[in-house]
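Participant: Sequence and predicted model, in that order:
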Amino acid sequence: MNSSSASGKVWSPVVTPFHEDLSPDLRRYIEHCQWLVDNDVGLAVFGTNSEANSLSVSHKQQLLDGLVEAGIPGNRLMPGTGSCAIEDAVTLSRHALEAGCHGVLMLPPFYYKNVPDEGLYRYFAEVVERVGDAALKIYLYHIPPVAQVPISLGLIERLRKAYPETFVGIKDSSGDWDNTRTMIQQFAGDGFQVYAGNERFLLQTMREGGAGCISATANVNGRAIVALARQWQQSDADQAQLALNATREVFEGFPMIPALKSAIADFRDSDDWCRVRPPLVALDAAQRRQLATVLDEHGFSM
């Protein structure tokens, strides 16, 4: 795995299209991923907004293989491989290695709550030891609002000390800028890459010395997010950040995953894109019209 990519500042947890029988739609998936790469957005496939925890291990393997066979470069891929089952995390991480991926994004085991850092350390260490390949590069995924299992600063420090060449970064989806800033200040000096969990904190992250962002709305607004990541030192950066925030706010006014899929469905002129896997529910017709209207009023276009 290569620890850097052509850009590497902006990644998208790629939304997953489905057929009527709810199996993944590989053709549409590849089309969307290629569009993202063409806009210099990296592919953090099998993330939260990918409905990853509604997909089987075999589905994820098939989708990853399909992207590689379609010519998507490995350095643009950061698949999510975290799982409550150690064996599943190992299987997916090995598969990512074989596919030549840039790195893997790894959730903590999230079903059991209030577990000690010692238990989380043993989980991550077990995955690393079982994969048994020095090429493995892990980006931790801190998302306490959803997983409700936080990754503490002390745990990061311990993992970095034990496996300094393996644990190379983190996505901080805590929504707490103070936490993201502390991570950057404490760990970024030796090359540890700290990504904000959405673009609201992109400019602050870049100014503080962070790596960029991994954001749901990069699925639809990637070009503008990448532009700020490239030009964060320009005089109009604060205005560009406000514009990103405004677009993000529109999507946050709806259930995020169905809203992203609705926007893509309009862009692709294909209602098939609206399908989500239960327990999620697609936007209804009125919600879709409302989203499209607000986006038009903001002058938004994919």
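Facilitator: Happy to help now that I have it.
Participant: which SS class is Asn114?
Facilitator: coil (DSSP: H, G, I helix; E, B strand; the rest coil).
Participant: give me the number of residues near it?
Facilitator: Applying other CB atoms under 10 Å, we find 6 residues neighbouring Asn114. Backbone N, C-alpha and C define where each C-beta goes, glycine included.
Participant: Also Gln231?
Facilitator: 13.
Participant: roughly how far out does stretch 80-87 sit from the chain middle?
Facilitator: 16 Å (CA atoms, centre = their mean, to the nearest Å).
Participant: Give me the contact list for that stretch.
Facilitator: 13, 44-47, 50, 52, 57, 89, 92-93, 96, 104-111, 123, 126-127, 130, 141 (CB atoms under 8 Å, 6 or more residues apart in numbering).
Participant: Could you identify the buried members of those?
Facilitator: Neighbour counting over the contacts of stretch 80-87 (16 or more other CB atoms under 10 Å) leaves 13, 44-47, 50, 52, 57, 89, 92-93, 96, 104-110, 123, 127, 141 as the buried ones.
Participant: so of those, which ones are in helices?
Facilitator: Members of these lying in helices (criterion: DSSP state H): Val57, Ala89, Leu92, Ser93, Ala96, Tyr123, Val127.
Participant: The fourth one and Leu136 touch, don't they?
Facilitator: It refers to Ser93. Yes - if you go by CB atoms under 8 Å, Ser93 and Leu136 touch, sitting 6.3 Å apart.
Participant: For the two, list the residues in contact with both.
Facilitator: Val104.
Participant: Okay, helices next: where are they in the stretch 51-200 of the chain?
Facilitator: 57-69, 86-98, 117-131, 144-147, 153-162, 177-187 (DSSP state H, counting those that start in this stretch).
Participant: Please tell me I have it right and Tyr121 contacts Arg158.
Facilitator: Yes - if you go by CB under 8 Å, Tyr121 and Arg158 touch, sitting 5.8 Å apart.
Participant: Which parts of the chain are strands?
Facilitator: 10-12, 42-43, 104-106, 138-142, 167-172, 193-196, 212-214 (DSSP state E).
Participant: For stretch 91-104, which outside residues touch it?
Facilitator: 1-5, 8, 42, 46, 57, 60-61, 64-65, 68, 74-81, 83, 106, 127, 131, 133, 135-139, 168-169.
Participant: Check which residues of it are buried.
Facilitator: Neighbour-count burial for stretch 91-104 flags Thr91, Leu92, Ser93, Arg94, His95, Ala96, Leu97, Ala99, Cys101, His102, Gly103, Val104 (criterion: 16+ other CB under 10 Å).
Participant: got it, and stretch 36-49?
Facilitator: 36-37, 39-49.
Participant: hang on, the earlier thing: can you put the strands of the chain in JSON lines and add distance to Leu280 and mean pLDDT?
Facilitator: Output for the strands of the chain, formatted as JSON lines (distance: least, CB to CB, whole Å; pLDDT from 0 to 100):
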{"stretch": "strand 10-12", "distance to Leu280": "18", "mean pLDDT": "98"}
{"stretch": "strand 42-43", "distance to Leu280": "21", "mean pLDDT": "98"}
{"stretch": "strand 104-106", "distance to Leu280": "20", "mean pLDDT": "98"}
{"stretch": "strand 138-142", "distance to Leu280": "20", "mean pLDDT": "98"}
{"stretch": "strand 167-172", "distance to Leu280": "21", "mean pLDDT": "98"}
{"stretch": "strand 193-196", "distance to Leu280": "24", "mean pLDDT": "98"}
{"stretch": "strand 212-214", "distance to Leu280": "20", "mean pLDDT": "98"}
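Participant: Now find how far off-centre stretch 221-235 is within its chain.
Facilitator: Mean C-alpha position of stretch 221-235 versus that of the full chain (CA atoms, centre = their mean) differs by 18 Å.
Participant: quick one: contacts of that stretch?
Facilitator: Here stretch 221-235 has contacts from 7, 9-10, 12, 36, 39-41, 199, 202-203, 206-207, 212-213, 215, 217-218, 237, 240-241, 243-244, 247-248, 300, 302, using CB under 8 Å, 6+ apart.
Participant: Can you report how many residues lie near the closest residue to Pro144 other than its chain neighbours?
Facilitator: Excluding its sequence neighbours, the residue lying closest to Pro144 (CB to CB, 6 or more residues apart in numbering) is Pro150, at 4.4 Å. By the criterion of other CB under 10 Å, Pro150 has 16 neighbours.
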